[in-house]
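Trainee: Just the structure for this:
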Amino acid sequence: MSGTRSDVRQHNRIAWDALVDQGNEWTVPVPPEAIKAARDGRWEIVLTPTKPVPRAWLEVEGRDVLCLASGGGQQAPILAAAGAKVTVLDNSPKQLDRDAKMAEMHSLPITTVLGDMANLEMFPDDSFDLIVHPCSNLFVPDILPVWREAFRVLRCGCCLIAGFVNPAMYVFDLDLADRAGVLEVKHTLPYSDGPRDVNEPMEFSHSLELQIGGQIAAGFSIIGLYEDVHVGGGSNILNKYMPMFIATRALKAG
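Mentor: Numbers count the residues shown, from 1 in each chain. Alright, predicted model coming up:
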């Protein structure tokens, strides 16, 4: 498969739609109890596998929030129930359908938009008070446009919160780790998938220079950071050595 952005986008759209049909954990909407709790002020969301985002990072009541590449009925319904006006952009129609059904079921202010996280041309400058970007930029070959577009559509004095994969994870043969629980160095970085099964999204490693330095280059100031561990499969053994996920809070100064 070609590594062009359009080819990757089309492949990953089909793959994520298939993951919805398979019930992948990142495609399962939050339960009704979580919506009720959020309306009562008791809520949390994640950008990375396990660690909740600090509540100090999440001023959402009455705010315009963009959930960027964040379909699946998880972050957006919680934020909408907590008082935000939420727009969800995602590449997968079936992921977006999860959010649309949650909005209808619970009367939540959620708008769904099918699109590319690296191209937000449908939104004017200064459209949002918060951007929530969970671990998803591993599914695009170039992340610098993602940071530039996020900066453009965010209002001054507001923040982008983003989760991403530590590129060190891609050094290892993760298929072998899943099968046998063995860590073996296999790849040089930057890593990108070769041809994949139609039901498997293509993944790309991105250096910390591009993940963190790329946000700074786009105009953001990094004002918060935490790490999180990997979950799922035999590659959990990576947790013995180092966290494999990072989340940042980035300010567009006014």
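Trainee: what's the offset of stretch 222-235 from the middle of its chain?
Mentor: In this view, stretch 222-235 has its centroid 12 Å away from the chain centroid, taken as CA atoms, centre = their mean, to the nearest Å.
Trainee: Kindly export that stretch (C-alpha atoms) in CSV.
Mentor: In CSV, the C-alpha atoms belonging to stretch 222-235 read as follows (Å, rounded to 0.1, in the frame of the first residue of the first chain):
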residue,chain,number,x,y,z
ILE,A,222,3.6,23.2,26.8
ILE,A,223,2.2,23.8,30.3
GLY,A,224,1.5,20.2,31.4
LEU,A,225,2.6,16.6,30.8
TYR,A,226,2.1,13.2,32.2
GLU,A,227,3.0,9.6,31.2
ASP,A,228,0.8,6.4,31.2
VAL,A,229,1.3,2.7,30.7
HIS,A,230,0.4,0.4,27.8
VAL,A,231,-2.5,-2.1,28.2
GLY,A,232,-3.6,-5.1,26.1
GLY,A,233,-1.8,-8.1,24.8
GLY,A,234,1.6,-9.5,25.7
SER,A,235,3.2,-6.1,25.0
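Trainee: what mean pLDDT does that stretch have?
Mentor: Stretch 222-235 comes out with an average pLDDT of 85.
Trainee: Please apply the same query to stretch 188-196.
Mentor: Mean pLDDT, computed over stretch 188-196, is 88.
Trainee: now swap in stretch 111-131 and tell me
Mentor: Here stretch 111-131 scores 98 as its mean pLDDT.
Trainee: now swap in stretch 164-178 and tell me
Mentor: So the average pLDDT for stretch 164-178 ends up being 92.
Trainee: First-to-last residue distance for it?
Mentor: For stretch 164-178, the first and last residues are 21 Å from each other (CA to CA, to the nearest Å).
Trainee: Same check on stretch 119-130?
Mentor: With CA to CA as the measure, stretch 119-130 spans 17 Å from end to end.
Trainee: how close does the residue lying farthest from the centre of the chain get to Asp173?
Mentor: Largest separation from the mean C-alpha position in the chain: Ala180, at 28.6 Å (CA atoms, centre = their mean). Going from Ala180 to Asp173 by CB to CB, to the nearest Å gives 10 Å. Glycine gets a C-beta too; all of them are placed from N, C-alpha and C.
Trainee: Assumed Arg42 was part of a helix.
Mentor: No. Counting by DSSP: H, G, I helix; E, B strand; the rest coil, Arg42 is not part of a helix but coil.
Trainee: State the number of residues packed around it.
Mentor: 10 (other CB atoms under 10 Å).
Trainee: can you pull the buried residues of the lowest-mean-pLDDT helix or strand in the chain?
Mentor: Within the chain, no helix or strand scores below helix 174-180, which has a mean of 86 by mean pLDDT, DSSP states H and E. The neighbour-count check on helix 174-180 (16 or more other CB atoms under 10 Å) flags Leu174, Ala177 as buried.
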